[in-house]
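Novice: Fold the stuff below for me.
(chains A, B, C, D, E and F, ligands or ions: 3)
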Amino acid sequence: MMGENLITALEITVVGMGLVFGAIALLWGVMSLLVRATADRPESAPEAPHPTGDVLERQKRAAAVAVAAALLREQQAQPHEFPVPPTPIVSAWQAVMRARLLQQKGPRQDPRR
Amino acid sequence: MMGENLITALEITVVGMGLVFGAIALLWGVMSLLVRATADRPESAPEAPHPTGDVLERQKRAAAVAVAAALLREQQAQPHEFPVPPTPIVSAWQAVMRARLLQQKGPRQDPRR
Amino acid sequence: MMGENLITALEITVVGMGLVFGAIALLWGVMSLLVRATADRPESAPEAPHPTGDVLERQKRAAAVAVAAALLREQQAQPHEFPVPPTPIVSAWQAVMRARLLQQKGPRQDPRR
Amino acid sequence: MFSSDLWPELSKGLANFTPGNAVMIAAGLVLIALAVLKEYEPVLLLPIGFGCILANIPLTGMLDDHGLFGVLYNAGISNELFPLLIFVGVGAMIDFSPLLSQPKLVLLGAAGQFGIFGTLILATLLRFPLNEAASIGVIGAIDGPTSIYVATKLAPDLLAPIAVAAYSYMSLVPIIQPPVMKLLTTRQERRIRMEYAPRPVSRRALILFPIVVTLVIGLLVPDATPLISMLMLGNLLRESRVVERLTRAAENEIINVATLFLGLTVGSTMTAASFLRLDTIQILILGLLAFVLDTAAGLLFGKLMARVSGGKINPLIGAAGISAFPMAGRLAAQVAQDEDFENFILMHAMGANTAGQLGSVMAGGVLLALVTAMM
Amino acid sequence: MFSSDLWPELSKGLANFTPGNAVMIAAGLVLIALAVLKEYEPVLLLPIGFGCILANIPLTGMLDDHGLFGVLYNAGISNELFPLLIFVGVGAMIDFSPLLSQPKLVLLGAAGQFGIFGTLILATLLRFPLNEAASIGVIGAIDGPTSIYVATKLAPDLLAPIAVAAYSYMSLVPIIQPPVMKLLTTRQERRIRMEYAPRPVSRRALILFPIVVTLVIGLLVPDATPLISMLMLGNLLRESRVVERLTRAAENEIINVATLFLGLTVGSTMTAASFLRLDTIQILILGLLAFVLDTAAGLLFGKLMARVSGGKINPLIGAAGISAFPMAGRLAAQVAQDEDFENFILMHAMGANTAGQLGSVMAGGVLLALVTAMM
Amino acid sequence: MFSSDLWPELSKGLANFTPGNAVMIAAGLVLIALAVLKEYEPVLLLPIGFGCILANIPLTGMLDDHGLFGVLYNAGISNELFPLLIFVGVGAMIDFSPLLSQPKLVLLGAAGQFGIFGTLILATLLRFPLNEAASIGVIGAIDGPTSIYVATKLAPDLLAPIAVAAYSYMSLVPIIQPPVMKLLTTRQERRIRMEYAPRPVSRRALILFPIVVTLVIGLLVPDATPLISMLMLGNLLRESRVVERLTRAAENEIINVATLFLGLTVGSTMTAASFLRLDTIQILILGLLAFVLDTAAGLLFGKLMARVSGGKINPLIGAAGISAFPMAGRLAAQVAQDEDFENFILMHAMGANTAGQLGSVMAGGVLLALVTAMM
Ligand code: NA
Ligand code: NA
Ligand code: NA
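Specialist: Ligands and ions are numbered 1, 2, ... in the order given. Purely as a prediction, here's the structure:
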């Protein structure tokens, strides 16, 4: 029984890892295609209209608000330890929580002490 | 069978539109009554107490906060295209989303371009 | 039937109040132990590190944000009527809602009047 | 032994893939494209499209009774929970004060329901049985939850095409309505300016309104009660101003989660077997007609009111009586402004539009009652 | 054929409307009025009132097993899910540090439960069978979820009047308690000032407290475990400070949605047939007595503690031991301040109040165990 | 009569308490301590620990079919709803652009799954039947929802130890992985710097990616479709940027509530009777080996890629291919920086890490398909 199961397990391992690698390799191809096919063409810049006075005013206010919001967010989040690229990887909550572990040695301190 | 169904469908249409108009007309009457019966009497103004110093201070802070909150909201919402009366019709999310369509010609631009 | 039930009810009352007082008394003991066993020892203060420049800057910003957030919260919440100790009892929503009742005499005024 | 037995198992997905699945996956991609590129009703079309794609991947088990979509269908579609919860949220976002300050506009909400019944007649001509014809007609309610609610009660097999037609055309209202508006109204009519001197509406009236509507409609049209009462519950939470927590829950958590699950599950009913039928094409065409008939009836009634009022009512607001809240209201105002930049009829159009919301639910309930009585 | 057959169908709603329905709709309106105009427990009374109105509109199908209220009842009332979820949220909002810093105050949470048992005796005298009498008694827990939990287990038929009594009187605590307070305490007693030099409570104690309470009560009173453990789970989420996401979910999404659904569904059990009975009036009167008995017992025990402590304890805080968290705590402090503007006993009153919350759940569990064993 | 009958009833809790219960309660306390003191996966370990404590308090009725945990188990574990909902939320929080800009890194996500199959072999050697051995192997997916999903399908009796192993070891990744990293790589290899000149990824690619992955994996591995499609649904909601409401619901309400309920319910399966068995100890040991095998396979494949690329790839990022998103990615970058403070490989490590997430789900589905076909 065990011997038979072991053979089955070995078969599953060989076929399974083969399938996983096969599917992943396929994904590699698909991803390469995808990125290449959807690459932005360079001539798209001039489409942006010039801001008018009213729009500028709105943009200024938006900027002020964005700064305030960013400050608020920063205070809530952990400080970044790594040089983080523009894309927000760190948004995952687990990232924040698990990342703390890396910084920490020993048991957690009671903040009231 | 179809002929019979068609007659039924016609009957349903006549009775149904009649009922809808009837119920709506009833609602019209009820609404008129409701608005009239609950109209504010004009002599209610003097009830408002004069603000004391403490209250004034709180009001000032509240005003400051309200401005900040309004700015934030404005940045998140779409700019209003219509002269909007004090009652906040535009609060419905669908309003915001659908309203964009009206402003838009052609496919959506990728903001990164 | 009723007489029998009454006797049962009396028994339940005696046993029930006894059990409630017993369990509560046990809880009293457990709580006293708990508070004593976990009391902070006084020598824990020096563990706090001195803030560096960077940290100070972050703290300043955090403070600014906290003030803004507090103002916002204050505007939303009811003013406190009691001298409230540092621990935030008042966080319960029911507290806020029920507390209004204490302040109020007569029917609620329509804010538009 | 192993490899020979295994191959069918491993290739079962591809082996069971049919051309019909491919067509339906393409349809799902179109819905997602409409959602993402055009932002047409994205909160519904995106989940519907994704659900459609998943329903057409073979042998995933997701459609089984204990699969994800089976669980969601039983949890919220077959018992109509999701549409009702969505209505609680919608009610919490509707402001009825423009309607209350001009009560006569409520009549436009009745006229804009003619499409329901007109489409019922057309569907009967196409030999749909009565229950199916009525379900198709209710696309003319031009209100997603109402269509889904009635279709689930009368003809659950047609849920997918009906829901897809309802939401797709609703997102196309700014394309469907303007030609009808231009055709049925003169330039002069579209330029009619309307006075805006609304009667002030007290807070008491706004609070009593949802309660009174629930009672009146509830007693007259019991079949409409679940829908209308949940809409009014949401509105009561909002207008009472004393249960901010519940209002927030209604207009955020409850509606968002119900919308996501509803969209996915409705999409998951779009299997090739059930969707790729002649019926579906007929339903899609009839649904479009329902929108046109609704708009036309609303406009004609608007013209009647313009005539009766001595030219004080712009007939365009009749087109807002179809429901499609709040899109149709904004569109009517926009079309009026396109003719005359200083003509602002938004408040009147929104009044007619909320009336259309009420009228749609009522008409859906009336239809349900009549058809149930007839069958 | 058509019109003669149709009329009964169309008028079925009005035809089945009974005077009892009218009375119950009026009752629902009163509950909504209390919620909106007086802001008495609005998050519960408003949905209960609205649910009551809907339950008394005939033939809507909403009470059927597959109607909205049937679905919600089976989803969260019959299995006690909603009250337990509400307790997770309440636990996340309670701060036990005032109690932990003055542990002896916990005794007041036991005294304030006498009303439960006293009312049980009175209900027995009125010939209620034991299970019903106990369910009525648990109104004296003065805690909504506890009352609903126990009543659903022992006498689900009485759920509506019991829940209505519990929440209505709880909202009336500031009217019910003060006369009893004035009657049972002297002016001098009410002016007793209490030192506030609380033992500091470490974070570790606050974290261990919910775990220890769960274990102690869980092992001693298994029937109270579901309630007490969910309350303590919420508190542990809060005090641990490491799962802010879950705490936020508990004190917002979970409690808000559960409260709305619980209120609506409890309200929907208020049909004329089940509510308009002699029983209901008796229950409403007994419920009021339960509140008075609780308050009196708490005050008398407070006077005893004042005597024993040599006048260091203000007996008013005994009235906060009834539960009705956090209203009763604030009220006791307010009454003391009314006598002497500089007398601040809020922290002591809140300690007694949270003790009352614990005592209520325990007493509910003890009652459940005893009655189950007796039957 | 009374007191003699009553005592057994009152002491039933303590009388049924077994040493096994005590051991399991201690285990629950350890999990809570890890969560609170060390902040190891607190959002899961805290509810699991609390659920474990409650499951070992006798006679609470919470494990019954109509008790809280029975209800939650049937509502979201036995039909795999909770893990799938969690995946919608996780998908809404994953950014695949680091992976899309360096597609070849996806291969590391395949290598890091060897632990699943290696552990399956080891478990078979310990005479576990095939379905159980596979469920144990899937701990090597190093992804909570995948482990729970597969274990529920193949061997629901082992759910508790498998879930506990998966989440506990995942929280210990920063302790488990570094020794293996140091053992299998040279100092020179760990100091390899990687260029970061990623191909720009358009918004269109980010939107199409989840759809394409769903279709490709869905057709090839139908058993993986529920998991992968919900992950991709969340990601599509996020990247579409047109359904902010739904994205917010997915990454807040839905995932938070599902996580709390999942944790509690999984914890509640840790009864003494089912957990205190030789099997459990074997599973915990095998689970640890699964983590080590995964890491080793990932590193060795990383070394191969380093060799093939002519030293342009730091083999440490291979360790991020195990999944444990996003912890393993950050850890690999940290270890590289520990050797050379100016060596930043975070973006590459995160690319490999998201590849590991995809690979884990795929491997879980492949395993499910193969074992189901074999049985
Ligand atoms: Na309509
Ligand atoms: Na009590
Ligand atoms: Na993995």
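Novice: mind listing the strands for the stretch 251-375 of chain D?
Specialist: Across the stretch 251-375 of chain D, reading from the start of the chain, there are no strands by DSSP state E, counting those that start in this stretch.
Novice: ok and the residue in it nearest chain C?
Specialist: When distances are taken as C-beta to the nearest C-beta, the stretch 251-375 of chain D reaches nearest to chain C at D:E253, 15.7 Å away. To be clear about C-beta, it is placed using only N, CA and C from the backbone, and glycine gets the same treatment.
Novice: And the stretch 51-200 of chain D, by the same measure?
Specialist: Per C-beta to the nearest C-beta, the residue of the stretch 51-200 of chain D with the smallest distance to chain C is D:P200, at 8.9 Å.
Novice: Just give me the neighbour total for that residue.
Specialist: The burial metric for D:P200, expressed as a neighbour count using other C-beta atoms under 10 Å in any protein chain shown, is 12.
Novice: Need the single longest helix in chain D, by residues.
Specialist: Scanning chain D for the helix with the most residues, using DSSP state H, yields helix D:278-308.
Novice: Then chain A?
Specialist: Across chain A, the longest stretch assigned as helix under DSSP H is helix A:2-37.
Novice: What backbone torsions are found at the most centrally placed residue in chain D?
Specialist: Nearest to the mean C-alpha position of chain D, counting by C-alpha atoms, centre = their mean, stands D:D143 at 1.8 Å. Backbone geometry at D:D143, expressed as degrees, to the nearest 10, gives phi -150, psi 110.
Novice: Wait, it touches D:S323, no?
Specialist: Yes - taking C-beta atoms under 8 Å as the definition, D:D143 is a contact partner of D:S323 at 4.7 Å.
Novice: and the closest residue to ligand 2 within the stretch 51-200 of chain D, which of the three is it?
Specialist: Across the stretch 51-200 of chain D, no residue is closer to ligand 2 than D:V88, which sits at 32.6 Å (C-beta to the ion). Reducing the assignment to helix, strand or coil with DSSP: H, G, I helix; E, B strand; the rest coil, the entry for D:V88 is helix.
Novice: got a list of what it touches?
Specialist: Applying C-beta atoms under 8 Å, 6 or more residues apart in numbering or on different chains to D:V88 gives the contacts D:M230, D:L231, D:L233, D:G234, D:L237, D:A250, D:I254, D:I255.
Novice: Setting aside sequence neighbours, what's the nearest residue to it?
Specialist: Nearest non-adjacent residue to D:V88, counting by C-beta to C-beta, 6 or more residues apart in numbering or on different chains: D:G234, 4.2 Å away.
Novice: Please apply the same query to D:G365.
Specialist: Spatial nearest neighbour of D:G365, excluding adjacent residues (C-beta to C-beta, 6+ apart): D:A224 at 2.2 Å.
Novice: hang on, that neighbour packs against D:I217?
Specialist: Yes - taking C-beta under 8 Å as the contact criterion, D:A224 and D:I217 are neighbours in contact, 5.7 Å apart.
Novice: shared neighbours, the two?
Specialist: With contacts taken as C-beta under 8 Å, 6+ apart, D:A224 and D:I217 have D:V361, D:M362, D:G365 as neighbours in common.
Novice: Quick check: the gap between the first one and chain B.
Specialist: Using C-beta to the nearest C-beta, to the nearest Å, one obtains 10 Å as the distance from D:V361 to chain B.
Novice: So D:M62: helix, strand or coil?
Specialist: Assignment for D:M62 (three-state DSSP): coil.
Novice: how much space between it and F:I211?
Specialist: Applying C-beta to C-beta, to the nearest Å, the value for D:M62 to F:I211 is 16 Å.
Novice: now do D:E80
Specialist: Plainly put, D:E80 is 30 Å away from F:I211 if you go by C-beta to C-beta.
Novice: ditto for D:I322
Specialist: Counting by C-beta to C-beta, the separation of D:I322 from F:I211 is 33 Å.
Novice: per-residue confidence averaged over stretch A:39-56?
Specialist: What stretch A:39-56 shows for mean pLDDT is 48.
Novice: count of neighbours near the nearest residue to D:P156 once chain neighbours are set aside?
Specialist: On the basis of C-beta to C-beta, 6+ apart, the spatially nearest residue to D:P156 that is not a chain neighbour turns out to be D:S78, at 7.4 Å. Counted with other C-beta under 10 Å, the burial measure for D:S78 works out to 13 neighbours.
Novice: cool, and A:V20?
Specialist: Per other C-beta under 10 Å, the neighbour tally for A:V20 reads 27.
Novice: what sits against residue 6?
Specialist: Since no chain was named, I'll use chain A. Residues in contact with A:L6 (C-beta under 8 Å, 6+ apart) are F:I121, F:T124, F:L125.
Novice: wrong chain, I was asking about chain D
Specialist: The contact partners of D:L6, taken as C-beta under 8 Å, 6+ apart, are A:V15, F:L370, F:A373.
Novice: now those residues in a markdown table, with distance to chain E?
Specialist: Compiled in a markdown table, the contacts of D:L6 are given as follows (distance: C-beta to the nearest C-beta, whole Å):
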| residue | distance to chain E |
| --- | --- |
| A:V15 | 40 |
| F:L370 | 36 |
| F:A373 | 37 |
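Novice: Most neighbours among those, which one?
Specialist: Using other C-beta under 10 Å as the contact criterion, the top neighbour count among the contacts of D:L6 goes to F:L370, which has 25 neighbours.
Novice: from memory that residue sits against A:L10, does it?
Specialist: No - no contact is recorded between F:L370 and A:L10 when judged using C-beta under 8 Å, the distance being 11.9 Å.
Novice: re the thing from before, just checking, which of the contacts of D:V88 belong to helices?
Specialist: Per DSSP H, the contacts of D:V88 map to helices at D:M230, D:L231, D:L233, D:G234, D:L237, D:I255.
Novice: Tell me where the model's unsure across the chain.
Specialist: No chain was given, so I picked chain A. Counting by pLDDT under 70, chain A shows low-confidence ranges at A:1-2, A:40-113.
Novice: Can you look at chain D instead?
Specialist: Along chain D, the model assigns pLDDT under 70 to residues D:1-5.
Novice: and it, which residues reach chain F?
Specialist: For chain D, the contact set with chain F under C-beta under 8 Å from any C-beta of the partner chain comprises D:5-6, D:9-10, D:12-14, D:17, D:25, D:29, D:32, D:35-36, D:39, D:42-43, D:46-47, D:50, D:53-54, D:57-62, D:66-68, D:71, D:252-253, D:256-257, D:259-260, D:264.
Novice: ok, the nearest residue to D:P210 once chain neighbours are set aside - contacts?
Specialist: Among residues not flanking D:P210 along the chain, D:M232 sits closest, at 3.6 Å (C-beta to C-beta, 6+ apart). Contacts of D:M232 were listed using C-beta under 8 Å, 6+ apart, and they are D:G91, D:P210, D:I211, D:V213, D:T214.
Novice: mind redoing it with 6 Å?
Specialist: Contacts for D:M232 (C-beta atoms under 6 Å, 6 or more residues apart in numbering or on different chains) come out as D:P210, D:V213, D:T214.
Novice: Next step: the residues you listed restricted to helices.
Specialist: Checked against DSSP H, the contacts of D:M232 include these in helices: D:P210, D:V213, D:T214.
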